[in-house]
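Asker: fold the stuff below for me.
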Amino acid sequence: MKKRKRRNNSNSLKPFIILLFIIIIACSTWLIIKNGSKSDNTNIENESEVKETATHEEEEQPKEEEQKVSKLNDLAEDEASFGKLEEPVYKINEKNIKVPVLIYHGFSTPMLSNEDDPYKLMCSTDLFEDQITTLKDAGYTFITLEDMYKYKNGKIGLPEKNITITMDDGWEGNYTEAFDVIKKYNVPATIFIVEELVGTSGYFDWDQAKEMYDSGLVKIHVHGRKHSSATGYNSKDKLIEDYNHTHSMIEEKLGAKIQKIMAYPAGDSSADTIKWLKEAGFEVQVQTKYGTVNKSNSLDLTGLGRIRAEKASGASILKTINSK
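Answerer: Below is the predicted model:
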């Protein structure tokens, strides 16, 4: 009788043992699932944070670029557009250096024949690129007319090998062709516009002018209200009125304060026009004087000569500079 009773007690415990075993397995499974879910959530949160950080950095990048461009268009009076250079720079009285200025008009690719371009005003994109790469390889630093003004006034130094790009009239090819090369090689250029030609057939418009200016590489200055000789004005007041009007229009359209710089249409100037426009604030007046390489010891900001570059190779430009 005792043995049978002991067997019965043992049998009665089996259901409880099985139930306990099931509970333990269920709890273990639940803990594994919970921890896994928590881990997955953590990973999702981390991935979300990474994405938010990357998005934030992407949003910040344009702001940094905008600040850089803004700085290029709003330099202090003792800052140069080219920044700090490895080669030495010289103040106005430290060394007599050459200060060459190139002149372009329109751009057309492929290069037009002499028959189609009798005045030789058109440069091709390929030739323009050749000129820039040749000058860069020869150690030249591209500067602006604003840099030249600061140099003349003792605010900055210039490298011994410096070069300035200017373009007259505001031809459409300045935007559709030359601008791509300017951006590719990160070189500054100055375009002198004729107010009444802006946006007409063959010439870039104000939106394109602003896009070029906002790049921080292209300066826009005055070439006249009309493409007419400055010496043909009947009065001092009318001359000043027209040049001031175009300058104000440039500032309005570009939304920026611009230094007063001008170039004479067809290079026509006189002692009176130089005096009157200088009194009106145009302290930099670019002439034509083809083939001239300016020298720092006699640098006249109201009489800057230029080298024609529309049909010249980079090698021939170097030859002209070296021969002067």
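Asker: confirm residue 196 sits in a strand?
Answerer: No: assigned with DSSP: H, G, I helix; E, B strand; the rest coil, residue 196 falls outside any strand and is helix.
Asker: not counting sequence-adjacent ones, nearest residue to it?
Answerer: Spatial nearest neighbour of residue 196, chain neighbours left out: residue 226 (5.3 Å); criterion: C-beta to C-beta, 6 or more residues apart in numbering. For every residue, glycine as well, the C-beta is placed using N, CA and C.
Asker: ramachandran coordinates for the closest residue to residue 160 other than its chain neighbours?
Answerer: In space, and not counting its chain neighbours, residue 160 is closest to residue 97: 5.0 Å by C-beta to C-beta, 6+ apart. Backbone torsions for residue 97, taken as degrees, to the nearest 10, come to phi -120, psi 160.
Asker: check the secondary structure at residue 221 for me.
Answerer: strand.
Asker: so who does it touch?
Answerer: By C-beta atoms under 8 Å, 6 or more residues apart in numbering, residue 221 lies in contact with 145, 190, 191, 192, 193, 247, 250, 258, 261, 262, 263.
Asker: what is the rounded mean pLDDT of the helix or strand where the second one lies?
Answerer: Secondary-structure assignment from DSSP states H and E places residue 190 in strand 189-193. For strand 189-193, mean pLDDT rounds to 98.
Asker: could you identify the helix or strand that succeeds it?
Answerer: helix 206-214.
Asker: all helices of the stretch 51-200 of the chain, in order?
Answerer: Residue ranges of the helices in the stretch 51-200 of the chain, as given by DSSP state H, counting those that start in this stretch, are 125-137, 145-152, 172-173, 179-185.
Asker: only alpha carbons, please: show the longest strand that the chain contains as PDB.
Answerer: Determined from DSSP state E, the single longest strand within the chain is strand 162-169. C-alpha atoms of strand 162-169 as PDB (Å, rounded to 0.1, in the frame of the first residue of the first chain):
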ATOM      1  CA  ASN A 162      49.500  89.000 -63.100                       C
ATOM      2  CA  ILE A 163      46.900  89.200 -65.800                       C
ATOM      3  CA  THR A 164      43.400  90.800 -66.100                       C
ATOM      4  CA  ILE A 165      40.500  89.600 -68.400                       C
ATOM      5  CA  THR A 166      38.100  92.200 -69.700                       C
ATOM      6  CA  MET A 167      35.200  91.900 -72.200                       C
ATOM      7  CA  ASP A 168      33.400  94.800 -73.900                       C
ATOM      8  CA  ASP A 169      29.800  95.300 -74.900                       C
END
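Asker: so which bits of that strand are buried?
Answerer: 162, 163, 164, 165, 166, 167, 168, 169 (16 or more other C-beta atoms under 10 Å).
Asker: and for stretch 229-243, what's in contact with it?
Answerer: Here stretch 229-243 has contacts from 222, 224-226, 262, 264-266, 268-270, 272-273, 276-277, 279-280, 282, using C-beta under 8 Å, 6+ apart.
Asker: could you rerun that using 10 Å?
Answerer: Stretch 229-243 has contacts (C-beta atoms under 10 Å, 6 or more residues apart in numbering) with 195, 222-226, 228, 260, 262, 264-270, 272-277, 279-282, 285.
Asker: hang on, the earlier thing: which members of the buried residues of strand 162-169 are the farthest-apart pair?
Answerer: Within these, 162 and 169 form the most distant pair, 24.5 Å apart (C-beta to C-beta).
Asker: ok, residue 299 - contacts?
Answerer: Residue 299 touches 92, 96, 97, 99, 148, 151, 152, counting by C-beta under 10 Å, 6+ apart.
Asker: switch the cut-off to 8 Å
Answerer: 92, 99, 148, 151, 152.
Asker: can I have the buried ones of those as a PyMOL selection?
Answerer: In PyMOL, this line selects whichever of the contacts of residue 299 come out buried by 16+ other C-beta under 10 Å:
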select buried, resi 92+99+148+151+152
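Asker: neighbour count and distance to residue 313 added to the contacts of residue 221, as TSV?
Answerer: Shown next, in TSV, are these (neighbours: other C-beta atoms under 10 Å; distance: C-beta to C-beta, whole Å):
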residue	neighbour count	distance to residue 313
145	23	24
190	21	22
191	26	23
192	24	24
193	27	28
247	22	35
250	22	33
258	17	33
261	25	28
262	23	29
263	28	24
